[in-house]
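J.: mind folding the following:
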Amino acid sequence: MSEPLGSEGTTRRLPVLEKAPEDDGPRPGPPPEPGPDPASAPSSGRFWSARRVPAAVVALLLAALTGVLLYDIAAVRADRPALHARRELARQLAERPLDDTWVLVGAGVAAALGLWLVLLAVTPGLRDLLPMRRPHPDVRAGLHRGAAALVLRDRAMEVAGVQSVHVRSGRRRADVRAVSHFRDPDEVRADLDEVLGDAVRGLGLARPPALSVHVRRPGKKG
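T.: Down below sits the predicted model:
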């Protein structure tokens, strides 16, 4: 279809508008990206404590001793007598033998404090926090041992025949002690092994604890 345009009688074809195809439903999008392989997920080590209290105590003590020492050095440089405590300490160290009781006690205390600080520096701490699996490298989570014990206790109470349960959750083992009041203890223990096994796997821990289940009859009253 065309029509004359202008005085020269030239023609120009009008643009043809094509009808859009009918929408037959949502178009398939790009395939979803595969999630991370649990086998290739990064390992989850224990959480490290910041050790703020020991670090603050050591820093304060070192700052105080350094301040006293600098003050004493400045006083001596200004032709003033040294502190009595430093003079007395120097005299005691010069006169007392190495096998003296107080020298041995002081050396033992200093060695114990040094070993304590080294132990704090090389151990992670936070024993009550259980590391969970890391499906993504940027996400890290932990579960408190008390919360894990509470979950296992609630699941154990759902087993028929269980009257009461006491759960103690550790980093390597979960100790479960149940009391059965109307079923055979062996049957109750078999059900607890199955139910608590699923519960432990459902916690998502990096190192699931081993189960130790004990079932007994309630004690006789009177």
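J.: dump the residue contacts of the residue most central in space within the chain.
T.: With distances taken as C-alpha atoms, centre = their mean, residue 47 lies nearest the centre of the chain, 3.9 Å away. Residue 47 makes contacts with 124, 125, 126, 129, 131, 142, as judged by C-beta atoms under 8 Å, 6 or more residues apart in numbering. No exception for glycine: its C-beta is placed from N, CA and C like everyone else's.
J.: now go through those and say which are in strands.
T.: Where the contacts of residue 47 overlap with strands, as defined by DSSP state E, the overlap consists of 129, 131, 142.
J.: let me know the helix or strand that the closest residue to residue 153 other than its chain neighbours is in.
T.: Ranked by C-beta to C-beta, 6 or more residues apart in numbering and with sequence neighbours excluded, the top spatial neighbour of residue 153 is residue 167, at 4.6 Å. Using DSSP states H and E, residue 167 falls within strand 162-169.
J.: residues contacting that strand, please?
T.: Strand 162-169 is contacted by residues 130, 145-146, 148-150, 152-153, 156-157, 174-181, 188, 192, 209, 218 when judged by C-beta under 8 Å, 6+ apart.
J.: what of stretch 102-109?
T.: Identification of contacts with stretch 102-109 by C-beta under 8 Å, 6+ apart yields 96, 97.
J.: pull out the buried residues from it.
T.: Under the neighbour-count criterion of 16 or more other C-beta atoms under 10 Å, stretch 102-109 has nothing buried.
J.: cool, and stretch 126-145?
T.: Of the residues in stretch 126-145, those scored as buried under the neighbour-count criterion (16+ other C-beta under 10 Å) are 129, 130, 131, 132, 133, 134, 142, 143, 145.
J.: how about stretch 145-154?
T.: Of all the residues in stretch 145-154, those buried under the rule 16+ other C-beta under 10 Å are 145, 148, 149, 151, 152, 153.
J.: how about a markdown table for those residues, with pLDDT and secondary structure added?
T.: As requested, those are exported to a markdown table (pLDDT from 0 to 100; DSSP: H, G, I helix; E, B strand; the rest coil):
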| residue | pLDDT | secondary structure |
| --- | --- | --- |
| 145 | 92 | helix |
| 148 | 93 | helix |
| 149 | 94 | helix |
| 151 | 95 | helix |
| 152 | 95 | helix |
| 153 | 95 | helix |
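J.: nearest to residue 52 among those?
T.: Out of those, the one with the shortest distance to residue 52 is residue 145. That distance is 21.5 Å, counting by C-beta to C-beta.
J.: for stretch 162-171, the averaged confidence score.
T.: This predicted structure assigns stretch 162-171 an average pLDDT of 92.
J.: may I have it as PDB, with CA atoms only?
T.: These are the backbone C-alpha positions of stretch 162-171, laid out as PDB (Å, rounded to 0.1, in the frame of the first residue of the first chain):
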ATOM      1  CA  VAL A 162       9.300 -43.100  76.600                       C
ATOM      2  CA  GLN A 163       8.500 -41.500  79.900                       C
ATOM      3  CA  SER A 164      11.500 -39.200  80.300                       C
ATOM      4  CA  VAL A 165      14.700 -38.500  78.500                       C
ATOM      5  CA  HIS A 166      18.000 -36.900  79.500                       C
ATOM      6  CA  VAL A 167      20.400 -35.900  76.600                       C
ATOM      7  CA  ARG A 168      23.900 -34.700  77.000                       C
ATOM      8  CA  SER A 169      25.400 -33.500  73.700                       C
ATOM      9  CA  GLY A 170      29.100 -33.300  73.200                       C
ATOM     10  CA  ARG A 171      31.300 -32.500  70.200                       C
END
